[in-house]
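>>> please work out how this folds:
(one chain, ligands or ions: 2)
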Amino acid sequence: MAKHTFLTGDRPTGRLHIGHYIGSLQNRVALQNSGDYNNFVMIADTQALTDNANNPEKIRHSLMEVALDYLAVGIDPKKTTILVQSAIPALSELTMYYLDLVTVARLNRNPTVKTEIKQKAFGESVPAGFFVYPVSQAADITAFKADTVPVGDDQEPMLEQTREIVRTFNRTYNADVLVEPEGYFPPKGSGRLPGIDGNAKMSKSLGNGIYLADDADTVQKKIMSMYTDPNHIHVSDPGQVEGNVVFTYLDIFDPDKQHVADLKAEYQHGGLGDVKIKRYLNDVMDAVLSPIRNRRLEYAKDMASVQQILIDGTAHANEVANQTLQEVRDAIGFNYFK
Ligand code: ATP
Ligand code: MG
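Numbers count the residues shown, from 1 in each chain. Ligands and ions are numbered 1, 2, ... in the order given. Model prediction:
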């Protein structure tokens, strides 16, 4: 019997990128393979719709792409339940109950949502569903009684919000139904991968990512266009390593730490050109990405069986979420017909 449960997910707003890999996918696969967890991974199409209401086609299409990305990085449907959020009605009902346990002022204080609202340039027209998405995340996590949530560190405010809802629910209804989750983050310093443009976060919506499905040529072109040190004009100039995306990626992806340290010293001193470090980074990334890319191509040959994986996973997830929903209704006292 598994002792712990993890749940995490991704918005199907595009294919997954190396930020997702470092921020969350890698940890999921490790937790999955440890054998200590019940594993749930959710494709969050309902959440994706909160800021894409007029573009459901994008979500429909991305759903299968994300499923392929999961399988490509080693999420194993024999060990991990892969579910589709919109096909789990209990999640919507839980969200409605939890919305009564948070205040608008509290939601307004969420720093990640604040940043995203600015980035997405909603102006005054923030969709209400987007504004409250941390509450729907609380529903997702608690429906499966997850105690562990492997995510990037942009998600910490969501976890804090979930813990507050859990405490408020259990206290208000004098129940011991919901479980407080903890985040499971990547090592310090790699919790949020910057974009190739130097933006603080690689994000599907910002178009600044290297995707798990990108072919080798595309990856190389992206690396060659990467943000480095704008003042490093001549090879002989001393260059900045801080904020230089090439070195940030080397720190994270290159297992040869000594070599990275040597390159940094040479770059800072002057005499090491951007083209050279980019070529080196390309080799490092290729070693990480080519096995993933090849597995993805294999799975893509049989999309019917990928779809069946989602059908089976969602059926199992419905059983678990409906059980929690029943306990939640009982706690509130909404069980008139029992
Ligand atoms: P969108 O722009 O549609 O919000 P996204 O790229 O932010 O897409 P999400 O689906 O919102 O991706 O996030 C899925 C998971 O990946 C979360 O756990 C999040 O923390 C993690 N993640 C996303 N981007 C990064 C990043 N740049 N670095 C580390 N982790 C990331
Ligand atoms: Mg996001």
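>>> buried residues, stretch 159-168. List them.
Neighbour counts over stretch 159-168 (16 or more other Cβ atoms under 10 Å) mark 159, 161-166 as buried. In short, each C-beta sits where N, CA and C put it, glycine included.
>>> next up, phi/psi of the residue in the stretch 151-300 of the chain that ligand 1 sits nearest to, please.
Closest residue of the stretch 151-300 of the chain to ligand 1, Cβ to the nearest ligand atom: residue 152 (2.5 Å). Per-residue torsions, residue 152: phi -70, psi 160 (degrees, to the nearest 10).
>>> do residue 14 as well
phi 160, psi 180.
>>> tell me the spacing between the closest residue to it other than its chain neighbours and residue 145.
Nearest residue to residue 14 in three dimensions, chain neighbours excluded: residue 204, at 3.8 Å (Cβ to Cβ, 6 or more residues apart in numbering). With distances taken as Cβ to Cβ, to the nearest Å, residue 204 is found 29 Å from residue 145.
>>> what's the longest helix in the chain?
Identified as the longest helix of the chain according to DSSP state H is helix 303-332.
>>> that one - contacts with which helices or strands?
Applying 3 or more Cβ pairs under 8 Å, 6 or more residues apart in numbering; DSSP states H and E, we find helix 303-332 packed against strand 37-43, helix 56-73, strand 80-84, helix 89-99, helix 133-143.
>>> repeat that with 10 Å
strand 4-10, strand 37-43, helix 56-73, strand 80-84, helix 89-99, helix 133-143, helix 156-172, helix 274-300 (3 or more Cβ pairs under 10 Å, 6 or more residues apart in numbering; DSSP states H and E).
>>> could you dump these to CSV with mean pLDDT and distance to residue 195?
Formatted as CSV, the helices and strands packed on helix 303-332 follow (pLDDT from 0 to 100; distance: least, Cβ to Cβ, whole Å):
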stretch, mean pLDDT, distance to residue 195
strand 4-10, 97, 17
strand 37-43, 98, 23
helix 56-73, 98, 18
strand 80-84, 98, 27
helix 89-99, 98, 30
helix 133-143, 98, 22
helix 156-172, 97, 20
helix 274-300, 97, 15
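>>> relative to residue 222, which of these is closest?
Residue 222 lies closest to helix 274-300 among those, at 9.3 Å (Cβ to Cβ).
>>> for the closest one, name the packing helices and strands.
helix 18-20, helix 56-73, helix 216-224, helix 245-253, helix 257-269, helix 303-332.
>>> with only the CA atoms kept, save the second one in PDB.
Coordinates of each C-alpha in helix 56-73 appear next as PDB, following Å, rounded to 0.1, in the frame of the first residue of the first chain:
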ATOM      1  CA  PRO A  56     -10.800  25.800 -27.200                       C
ATOM      2  CA  GLU A  57      -9.200  24.400 -30.300                       C
ATOM      3  CA  LYS A  58      -5.800  25.200 -28.900                       C
ATOM      4  CA  ILE A  59      -6.600  23.300 -25.700                       C
ATOM      5  CA  ARG A  60      -8.100  20.300 -27.500                       C
ATOM      6  CA  HIS A  61      -5.000  20.000 -29.700                       C
ATOM      7  CA  SER A  62      -2.600  20.600 -26.800                       C
ATOM      8  CA  LEU A  63      -4.200  17.900 -24.700                       C
ATOM      9  CA  MET A  64      -2.800  15.100 -26.800                       C
ATOM     10  CA  GLU A  65       0.600  16.900 -27.100                       C
ATOM     11  CA  VAL A  66       0.900  17.200 -23.300                       C
ATOM     12  CA  ALA A  67       0.000  13.500 -23.000                       C
ATOM     13  CA  LEU A  68       2.800  12.600 -25.400                       C
ATOM     14  CA  ASP A  69       5.200  14.800 -23.500                       C
ATOM     15  CA  TYR A  70       4.300  12.900 -20.300                       C
ATOM     16  CA  LEU A  71       5.000   9.600 -21.800                       C
ATOM     17  CA  ALA A  72       8.200  10.800 -23.500                       C
ATOM     18  CA  VAL A  73       9.800  11.900 -20.200                       C
END
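>>> and that helix, how far from the chain's centre?
Centroid separation for helix 56-73 versus its chain: 13 Å, with Cα atoms, centre = their mean, to the nearest Å.
>>> do the first one as well
Centroid separation between helix 18-20 and its chain, computed with Cα atoms, centre = their mean, is 8 Å.
>>> got it, and the fourth one?
Centroid separation for helix 245-253 versus its chain: 19 Å, with Cα atoms, centre = their mean.
>>> the fifth one now?
Here the centre of mass of C-alpha atoms in helix 257-269, compared against the chain's by Cα atoms, centre = their mean, lies 31 Å away.
>>> next, the buried residues of it.
By neighbour count on 16+ other Cβ under 10 Å, the buried set for helix 257-269 is 260, 263-264, 267-268.
>>> what secondary structure does the residue of the chain found nearest ligand 1 sit in?
The chain approaches ligand 1 most closely through residue 23 (1.9 Å), counting by Cβ to the nearest ligand atom. Of the three states, residue 23 takes helix under DSSP: H, G, I helix; E, B strand; the rest coil.
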